[in-house]
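**Q** Quick one, structure for this:
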Amino acid sequence: MSHFNNHGQQDGSKNKIALKWTFFLIAGFMIVEVIGGIMTNSLALLSDAGHMLSDAAALGLSYIAVSIGQKAVTNRKTYGYRRFEIFAAFINGLTLIAISLYIFYEAFRRFSEPPAVASTGMLIVATLGLLVNIGAAFILKRGDNDNLNVKSAFLHVLGDILGSVGAITAALLILFFQWNLADPIASMIVAFLIIISGYRVTRDSFNILMESAPENLPTDDVKAKLMTVEEVEEITDLHIWLITMDFPSLTCQVVVNQAADEQIVLRKIQNLLHDEFALHHMTIQIEKKNN
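**A** Got it, this is the predicted structure:
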């Protein structure tokens, strides 16, 4: 049995910086948007402010997760705290879903009697919010896009961008056409887009927590590729899972023919898995077939 692992410690410093500055940007403008939403009586602004509050909490949690994820391994925690990042992303996804459901509820309440909205003030605040959110998205894009927490945070901010666009559109419709229904309608459209993003993040992180095989590493495909190695007779106990989004792992038992050199077969398998599937962390047990 041999263990092959080239996967070094991931440097998460750029993720920490991106999450930290995005947190301050979102949290700061969230206060402005709450005040603006109250003063203009705009559900679109208040909904987006609530989403930004969720974002601030999620970003803070993601920052903590990335920081904890960099802690060294211990005798008991042999993978360190890497999996905490996935748990944080799962919470972020659930938060997105909860916020979107609340927006739906508030929007339905306003359909029967749309209140008057101060459209000019709403337009100013929404436009500033759009600029702030674009800035936050740019900061996050400079982080690691394969990191699930950065991806989750980016989806949060994307929801804010869509919220700002919806609020701007609604403000213009109210300003020029006095159509107050535009406010709850814009809120519902944004809520629908947010719930899709929340579902995707929740699904991805849940699958990792359940140690499901990654979509890009289906066990049948990996097994078929391993069977192309000349000396291999059978593959058993094949397991593929993710420790974190960028840390796939594999274990399997490989049965080879009696004439095979076990070390040569092992190197062939290691190279194949590395070249074909970008796998670095693997544990492979070689056994010879009984006559």
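**Q** Which residues are in contact with residue 49?
**A** Residues in contact with residue 49 (Cβ atoms under 8 Å, 6 or more residues apart in numbering) are 30, 33, 34, 36, 37. Bear in mind the C-beta positions are built from the backbone N, C-alpha and C, glycine included.
**Q** Kindly apply the preceding question to residue 236 instead.
**A** For residue 236, the contacting residues are 252, 253, 255, by Cβ under 8 Å, 6+ apart.
**Q** Equivalent analysis for residue 255, please.
**A** Contacts for residue 255 were tallied using Cβ under 8 Å, 6+ apart; they are 232, 233, 234, 235, 236, 287, 288, 289.
**Q** switch to 10 Å and redo it
**A** 231, 232, 233, 234, 235, 236, 285, 286, 287, 288, 289, 290 (Cβ atoms under 10 Å, 6 or more residues apart in numbering).
**Q** The protein - how does it break down into domains?
**A** 2-209, 219-288 (automatic domain parsing).
**Q** Just the buried residues of the strand of greatest length in the chain, please?
**A** In the chain, taking DSSP state E as the definition, the longest strand is strand 232-242. With burial defined by 16 or more other Cβ atoms under 10 Å, the residues of strand 232-242 counted as buried are 232, 235, 238, 240, 241, 242.
**Q** So which of those is the closest to residue 210?
**A** residue 241 (8.8 Å; Cβ to Cβ).
**Q** so how far is residue 179 from the closest one?
**A** 52 Å (Cβ to Cβ, to the nearest Å).
**Q** And for residue 81?
**A** For residue 81 relative to residue 179 (Cβ to Cβ), the value is 51 Å.
**Q** ok, now residue 185?
**A** Separation of residue 185 from residue 179 (Cβ to Cβ): 9 Å.
**Q** go on, residue 190?
**A** 17 Å.
**Q** So which residues of the stretch 51-200 of the chain form helices?
**A** Ranges of helices in the stretch 51-200 of the chain, per DSSP state H, counting those that start in this stretch, are 83-112, 119-141, 148-177, 182-209.
**Q** for those, which one sits closest to residue 56?
**A** helix 148-177 (9.3 Å).
**Q** now the angle from that closest one to helix 119-141?
**A** 160 degrees (axes from the mean of the first three to the mean of the last three Cα atoms, to 10 degrees).
**Q** buried set for helix 148-177?
**A** In helix 148-177, counting by 16+ other Cβ under 10 Å, buried: 148-175.
**Q** Kindly report the same for stretch 82-89.
**A** 82, 83, 84, 85, 86, 88, 89.
**Q** Now render the residues you listed as a markdown table, adding distance to residue 106 and pLDDT.
**A** Below are the buried residues of stretch 82-89 laid out as a markdown table (distance: Cβ to Cβ, whole Å; pLDDT from 0 to 100):
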| residue | distance to residue 106 | pLDDT |
| --- | --- | --- |
| 82 | 38 | 77 |
| 83 | 36 | 82 |
| 84 | 33 | 81 |
| 85 | 32 | 77 |
| 86 | 31 | 85 |
| 88 | 27 | 81 |
| 89 | 26 | 81 |
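**Q** what's the closest of those residues to residue 208?
**A** residue 86 (4.8 Å).
**Q** tell me the secondary structure for residue 253?
**A** strand (DSSP: H, G, I helix; E, B strand; the rest coil).
**Q** quick one: contacts for it?
**A** 1, 234, 235, 236, 237, 238, 283, 284, 285, 286, 287.
**Q** That one and residue 267: what is the separation?
**A** 17 Å.
**Q** how close does the closest residue to residue 197 other than its chain neighbours get to residue 93?
**A** Counting by Cβ to Cβ, 6 or more residues apart in numbering, residue 197 lies nearest to residue 155, which is 4.2 Å off, once chain neighbours are set aside. Look at residue 155 and residue 93: by Cβ to Cβ, they are 8 Å apart.
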